[in-house]
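Visitor: structural data only, the sequence is not supplied:
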Ligand SMILES: [Zn+2]
């Protein structure tokens with residue numbers, strides 16, 4: 001079931017409902033990456049031949065890097081997609097890495113008729129196969145996830161909120177800060193204490209390439225974590241499971257009928273650079289993903 005889940009999660013993760021969800025990304029927006037990854041050096045120069053900005057990304061050594069050299073990569077900015085030269089001609093197939101992520105949870109009761117239809121269409125098997133996708137090149141560079149072998153040098157085992165799980169070493173410290181803040185809050189908040197007592201598992205790293213593609217889920221990089229509850233009180237937790245029950249109206253399931261972590265817990269994750277899957281149109285309420293560049297872009301402009 002989990003494998004099936006990951007397939008759905010990845011292919012539909014980042015659905016822009018309108019053009020405004022993926023605004024144009026000038027090279028000035030490189031600053032959000034610089035702030036989000038302060039140990040990485042970003043150097044830009046303009047390439048007159050392609051009429052594109054190029055970005056050199058210098059990733060320093062980490063304990064998991066066995067060769068002790070660090071690595072340097074070069075990408076075309078390409079409207080914020082960060083593409084290698086080989087993919088520049090296909091830039092229309094890729095989304096920009098920065099996209100709109102709301103501060104507040106959107107109420108599905110506010111969807112218009114046409115939005116509902118578009119979401120339904122997007123959730124269809126047909127669209128899942130053929131849609132544009134998130135470019136993974138930048139992430140493969142900073143997480144060394146070009147291959148399973150190189151990535152797994154950076155996977156570390158740790159305890160998070162009472163459960164053992166495997167994560168990328170880059171997510172270790174942010175996750176530790178999240179845990180520290182949640183445990184502190186649980187001392188005074190019965191709601192957070194109840195949430196903690198109800199956690200069944202925390203599942204992060206799982207290598208998976210989607211069949212027939214070269215695309216990976218963020219769980220495959222060890223930078224996504226699912227916080228699964230023991231009991232969900234008859235509520236919906238994941239759009240695709242809800243779709244099995246309500247093929248036409250899964251996107252309209254009211255917020256009160258969706259399981260979710262306490263708002264204070266979601267805020268703590270966001271403060272430390274994580275986004276929450278419950279804010280996606282194709283909601284995944286157990287899922288947190290480490291994207292400090294999105295937090296900088298959306299919350300700290
Ligand atoms: Zn997940």
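Guide: Everything's here; your move. Owing to the predicted nature of the structure, the values given are computational and were not obtained by experimental measurement.

Visitor: alpha carbons only for contacts and neighbour counts from here, please
Guide: OK.

Visitor: residue 47: neighbour count?
Guide: When counting by other C-alpha atoms under 10 Å, one arrives at 11 neighbours for residue 47.

Visitor: brain fart, residue 233
Guide: For residue 233, using other C-alpha under 10 Å, the count is 10.

Visitor: per-residue confidence at it?
Guide: For residue 233, the pLDDT comes out at 93.

Visitor: same deal with residue 158?
Guide: 97.

Visitor: which is the next helix or strand following the host helix or strand of it?
Guide: Assigning secondary structure by DSSP states H and E places residue 158 in strand 155-160. Counting by DSSP H and E, the element after strand 155-160 in chain order, helix or strand, is strand 163-168.

Visitor: what helices and strands are in contact with that following strand?
Guide: If contacts are counted by 3 or more C-alpha pairs under 8 Å, 6 or more residues apart in numbering; DSSP states H and E, strand 163-168 sits against strand 155-160, strand 199-203.

Visitor: what sits up against the first one?
Guide: The list of residues contacting strand 155-160 from outside it, by C-alpha atoms under 8 Å, 6 or more residues apart in numbering, reads 64, 164-169, 172, 175-176, 179, 202, 205, 222.

Visitor: tell me the least confident of those residues?
Guide: Among the contacts of strand 155-160, residue 64 carries the weakest pLDDT, at 67.

Visitor: so what's residue 108 up against?
Guide: 251, 252, 253, 254, 255.

Visitor: repeat that with 6 Å
Guide: residue 252 (C-alpha atoms under 6 Å, 6 or more residues apart in numbering).

Visitor: repeat for residue 243
Guide: For residue 243, the contact set (C-alpha under 6 Å, 6+ apart) comprises residue 250.

Visitor: what do you get for residue 46?
Guide: 53, 54.

Visitor: would you mark the buried spots in the helix or strand hosting it?
Guide: In the assignment (DSSP H and E), residue 46 maps to strand 41-47. Across strand 41-47, burial judged by 16 or more other C-alpha atoms under 10 Å covers 42, 44.

Visitor: so which of the helices and strands packed on strand 163-168 gets nearest residue 45?
Guide: strand 155-160 (33.2 Å; C-alpha to C-alpha).

Visitor: the ion contacts on the stretch 201-301 of the chain?
Guide: Where the stretch 201-301 of the chain comes near the ion, counting by C-alpha under 5 Å from the ion, the residues are 226, 287.

Visitor: poorly predicted segments of the stretch 201-301 of the chain, please.
Guide: 210-214 (pLDDT under 70).

Visitor: can you convert the helices and strands packed on strand 163-168 into TSV and add a column each for mean neighbour count?
Guide: Output for those, formatted as TSV (neighbours: other C-alpha atoms under 10 Å):
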stretch	mean neighbour count
strand 155-160	17
strand 199-203	18
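
Visitor: turn those strands into CSV, columns for distance to residue 116.
Guide: As requested, these are arranged in CSV below (distance: least, C-alpha to C-alpha, whole Å):
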stretch, distance to residue 116
strand 155-160, 37
strand 199-203, 31
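
Visitor: roughly how far does residue 299 sit from residue 101?
Guide: According to C-alpha to C-alpha, to the nearest Å, residue 299 stands 9 Å off from residue 101.

Visitor: between those two, which one's more packed in?
Guide: A direct count of neighbours by other C-alpha under 10 Å for residue 299 and residue 101 places residue 101 higher, at 18 against 13.

Visitor: what helix or strand is that one located in?
Guide: Using DSSP H and E, no helix or strand contains residue 101.

Visitor: secondary structure class for the nearest residue to it once chain neighbours are set aside?
Guide: Spatial nearest neighbour of residue 101, excluding adjacent residues (C-alpha to C-alpha, 6 or more residues apart in numbering): residue 298 at 6.3 Å. The three-state assignment at residue 298 reads helix, by DSSP: H, G, I helix; E, B strand; the rest coil.

Visitor: how about residue 135?
Guide: With three-state DSSP as the basis, residue 135 sits in coil.

Visitor: repeat that for residue 242.
Guide: helix.

Visitor: residues in contact with residue 273?
Guide: By C-alpha under 6 Å, 6+ apart, the neighbours of residue 273 are 290, 291, 292, 295.
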